[in-house]
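Undergrad: whatever this is, show me its structure:
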Amino acid sequence: MPSPVPTPHDQFFRTVFGQQPLAADFLGHYLPARIVRQLDLAKLTPRPGSFVDDDLHIHHSDLLYEVRLHGGSSGLVYILLEHKSRPERRVAVQLLRYVVRVWEHDARDHKARHGSETEPAPRLVVPIVIYHGTRRWTAPRALGDLYTGPRHLRPYWPQLRYALVDLGRLPDADIVGQAALRVALLVMRSIFDPDLGQRLPTILAPLRAHPTPLGMLQVVMQYIIQANDRVTQDDVAAALAAVDADGGSTDMPTLAQQWVEQGRVEGRVEGRVEGLVEGRVEGRVEGRVEGLVEGLHQAIADALDERFGAQAGALAMDVRTVTDARALRAILRSVWRAATLDEARQAVKEV
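TA: Coordinates of the predicted model:
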């Protein structure tokens, strides 16, 4: 089974929080203080691999970090990004599945290393959900809260609580951490905002204090290109000027030019259309139109399935009658923005 194509939100999350310094900074500021005091974040270590089930991988992006507890014992911090634009009521059930997979992996690893049938005691996993959708998070914060049976049977219901960082409910003053982390969180919080372009100068301004801002700017711009199509050339110019207030960087105009000339062509497709991952669309489009259209058809079908499930299958088939790449990109944007399947159908009709 081929690996699912990651969403722009997956890519941005992994690029940002896959960096140990940013992950440690995030945990230090956004976990409850009583938890942070137990963790030696200076020794935070990434654990390779994903613990999300293959059939759910297009919906979630997970990162697992191992951290020593103060006093020398070992624990695990598990970070899961919930990147949909609406709450997921059963997210605690999904998290329990991921936690069990971590424990199973530890048991297999212990046996391979020590050749013993004796399994290690399960280590602590602290699940964290980072939510940046536009609606209020209403899902139960603990697995036990899903239980609705007789109270005398409640003690037998599994318990699992997760930490929630709801970026949409945090005011600007509460978005804290080093400059790169603040910018990443602000962009995630605003990615569905139609006025993101006007807010970009304020969002990117913290990078003035960053010693090497271009790397983070490129990551941010790539994310915006893929996930928000309302940001204009003027918005980008103003945002870059906010970062380079003294006009001393000769790389800023180059970055803006790349965004304008290439971004709109390749950004929405890159990361979604297998075979165009390198993003060098210009100069090759004429010879690959058929592959591009097929890739867009598949990207739309994946998006419809992720947003609305099997009930969207008929609409995905209807979209296959469209062969204009520009129209298909517009449909893909509309599908990601639609709150309901009926909205998605209407958007397809209007393209």
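
Undergrad: what are the ranges of the strands in the stretch 1-150 of the chain?
TA: Ranges of strands in the stretch 1-150 of the chain, per DSSP state E, counting those that start in this stretch, are 39-47, 60-69, 74-82, 125-131.

Undergrad: what about the helix or strand where residue 302 lies, distance to the chain center?
TA: Residue 302 is part of helix 289-308 when elements are defined by DSSP states H and E. Its chain's C-alpha centre and that of helix 289-308 lie 19 Å apart, by C-alpha atoms, centre = their mean, to the nearest Å.

Undergrad: torsion angles phi and psi at the residue nearest to residue 185 when sequence neighbours are not counted?
TA: In this structure, residue 185 finds its nearest non-sequential neighbour in residue 175, 5.2 Å apart by C-beta to C-beta, 6 or more residues apart in numbering. C-beta coordinates here come from the backbone N, C-alpha and C atoms, glycine included. Main-chain dihedrals, residue 175, degrees, to the nearest 10: phi -90, psi 100.

Undergrad: state the distance from residue 175 to residue 162.
TA: Distance of residue 175 to residue 162, given as C-beta to C-beta, to the nearest Å: 21 Å.

Undergrad: thinking again about what came up before, for the strands of the stretch 1-150 of the chain, give me CSV that also has mean pLDDT.
TA: CSV is the format used below for these (pLDDT from 0 to 100):
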stretch, mean pLDDT
strand 39-47, 89
strand 60-69, 79
strand 74-82, 69
strand 125-131, 91
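
Undergrad: so residue 327 makes contact with residue 348?
TA: No - taking C-beta atoms under 8 Å as the definition, residue 327 is not a contact partner of residue 348, at 9.5 Å.

Undergrad: name the residues of the following helix or strand past the helix holding residue 302 that are buried.
TA: Next in sequence after helix 289-308, counting helices and strands by DSSP H and E, comes helix 313-319. By neighbour count with 16 or more other C-beta atoms under 10 Å, helix 313-319 contains the buried residues 315-316, 319.

Undergrad: neighbours of residue 14, how many?
TA: 16 (other C-beta atoms under 10 Å).

Undergrad: kindly report the same for the one 3 residues further on.
TA: Counted by other C-beta under 10 Å, the residues lying close to residue 17 total 21.

Undergrad: which of residue 327 and residue 348 has more neighbours?
TA: Between residue 327 and residue 348, counting by other C-beta under 10 Å, residue 348 is the more crowded of the two (21 against 15).

Undergrad: ok, the more buried one to residue 234 distance?
TA: 30 Å.

Undergrad: for residue 206, same thing?
TA: 21 Å.

Undergrad: who's more crowded, these two?
TA: In this view residue 206 and residue 234 are compared by other C-beta under 10 Å, and residue 206 has more residues nearby, 21 against 10.

Undergrad: quick one: that one is in a helix?
TA: Yes - counting by DSSP: H, G, I helix; E, B strand; the rest coil, residue 206 is part of a helix.

Undergrad: count of neighbours near the closest residue to it other than its chain neighbours?
TA: The shortest distance from residue 206 to any non-neighbouring residue, by C-beta to C-beta, 6+ apart, is to residue 179 (4.1 Å). Neighbours of residue 179 under the rule other C-beta under 10 Å: 17.

Undergrad: list the contacts for the residue nearest to residue 37 when sequence neighbours are not counted?
TA: Spatial nearest neighbour of residue 37, chain neighbours left out: residue 70 (7.6 Å); criterion: C-beta to C-beta, 6+ apart. Applying C-beta atoms under 8 Å, 6 or more residues apart in numbering to residue 70 gives the contacts 37-40.

Undergrad: re the thing from before, any idea how far the residue nearest to residue 185 is from residue 187?
TA: 11 Å.

Undergrad: so for these two, which sits in the more crowded spot?
TA: The neighbour count for residue 175 versus residue 187, taken as other C-beta under 10 Å, is higher for residue 187 (26 against 19).

Undergrad: ok, the more buried one touching residue 223?
TA: Yes - with contacts counted by C-beta under 8 Å, residue 187 reaches residue 223, the gap being 6.5 Å.

Undergrad: and for the two, which residues touch both?
TA: Common neighbours of residue 187 and residue 223 (criterion: C-beta under 8 Å, 6+ apart): residue 12.

Undergrad: so for stretch 215-229, mean pLDDT?
TA: In this model, stretch 215-229 has a mean pLDDT of 86.

Undergrad: quick check: nearest residue in space to residue 164, chain neighbours excluded?
TA: residue 129 (5.1 Å).

Undergrad: list the buried residues in stretch 65-73.
TA: Within stretch 65-73, the residues scored as buried using 16+ other C-beta under 10 Å are 65, 67-68.

Undergrad: and which of those residues is nearest residue 192?
TA: residue 65 (27.3 Å; C-beta to C-beta).

Undergrad: report the beta-bridge partners for that closest one.
TA: In this entry, residue 65 is beta-bridged to residue 46, residue 77, by DSSP bridges.

Undergrad: thank you, goodbye.
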